[in-house]
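Participant: Dropping the sequence and predicted coords here.
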Amino acid sequence: MKTSLQTLTTLLFPALALSTPVHPSSSLAVRSDTWGGSVSLGPTKSTIVNAVTTIIPGPAPLTQNGVLFLWPGMSNGTGDLIQSTLESWESNDWCGAGSGEWCVRASVFGWFGQLDGDAGVVKGDDQVRIEYTLQDDQDTWVQTVTNVGTGEVLSTYSSQSGPYMTGYGTGTECNEDCTGTSSEQQYLNTEITLASSDPTFGDTIATAGGATYEGLASSEDGKVWTIESILIPAMV
Ligand SMILES: *[C@@H]1O[C@H](CO)[C@@H](O)[C@H](O)[C@H]1NC(C)=O
């Protein structure tokens with residue numbers, strides 16, 4: 001399990017989380033998991049139908065204690081979390097990655113647990129395009145993870161996660177006393193397309209943990225939102 005609903009709500013919907021009382025059991029459940037910086041948007045008054053970003057992750061820690069995940073995530077706070085994740089485990093042999101490299105897989109987290117697509121390898125300076133698209137059936141989300149430099153599709157996943165996605169944000173998730181990120185992450189040309197105009201969506205942007213962004217803009221009367229660059233500082 002990569003995340004919890006409470007954490008997710010805090011991450012993707014900071015404004016909501018502030019007014020949501022924390023259930024005592026979720027405080028007990030928090031052991032040694034920590035979070036790096038983040039930038040998030042939501043909830044929109046409309047719904048998200050497409051979201052795309054390109055992450056340059058920087059090298060993974062050369063030795064990894066615990067597990068480290070980097071992901072752009074999308075949810076409505078109660079339903080599925082769509083999250084293609086870059087992952088650093090004590091050994092990343094399982095996807096064929098060496099020291100300082102990441103495994104990546106498209107995945108969804110929900111009441112059923114975590115379901116993942118096939119994994120690919122990402123080097124620190126790779127540009128990795130991660131796109132989430134709602135299909136015409138208004139239910140199925142397709143995740144596609146591509147190496148921009150080579151054009152190789154690294155991972156895909158489809159899930160019936162519904163048409164009510166309202167929040168999108170970056171996550172740097174450090175589990176089981178993990179070694180935190182040793183390099184910064186850039187998310188470039190993030191673009192979120194809504195089902196209909198929501199001129200106030202930009203006002204929901206929130207940052208945490210020293211993360212910054214540049215070039216937030218909208219077009220089509222607030223239907224399409226872009227963020228030129230997001231910078232997440234290294235944790236250690
Ligand atoms: C979130 O999406 C799920 C799946 O479509 C839906 O069942 C649920 O009602 C939605 N929750 C909110 C708060 O909109």
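Facilitator: Cool, got the structure.

Participant: Give the other helices and strands that the one helix or strand Ile230 maps to contacts.
Facilitator: Taking DSSP states H and E as the definition, Ile230 sits inside strand 224-232. In terms of contacts (3 or more CB pairs under 8 Å, 6 or more residues apart in numbering; DSSP states H and E), strand 224-232 is packed against strand 38-41, strand 167-175, strand 185-194, strand 212-219. Every residue, glycine included, has its C-beta placed from N, CA and C.

Participant: contacting residues around that strand?
Facilitator: Strand 224-232 is touched from outside by 36-39, 41, 53, 170, 172, 181, 184-194, 201-202, 209, 211-219, with contacts defined as CB atoms under 8 Å, 6 or more residues apart in numbering.

Participant: Can you tell me the strand partners of it and which way each runs?
Facilitator: Using DSSP bridges, strand 224-232 pairs in its sheet with strand 185-194 (antiparallel), strand 212-219 (antiparallel).

Participant: Quick check: the gap between the residue of the chain found nearest the ligand and Ser182.
Facilitator: Of all residues in the chain, Gly162 sits closest to the ligand, at 2.2 Å by CB to the nearest ligand atom. Gly162 is 37 Å from Ser182, where distance means CB to CB, to the nearest Å.

Participant: Kindly report the same for Asn147.
Facilitator: Applying CB to CB to Asn147 and Ser182 gives a distance of 22 Å.

Participant: all helices in the protein, in order from the N-terminus.
Facilitator: 5-12, 14-19, 24-29 (DSSP state H).
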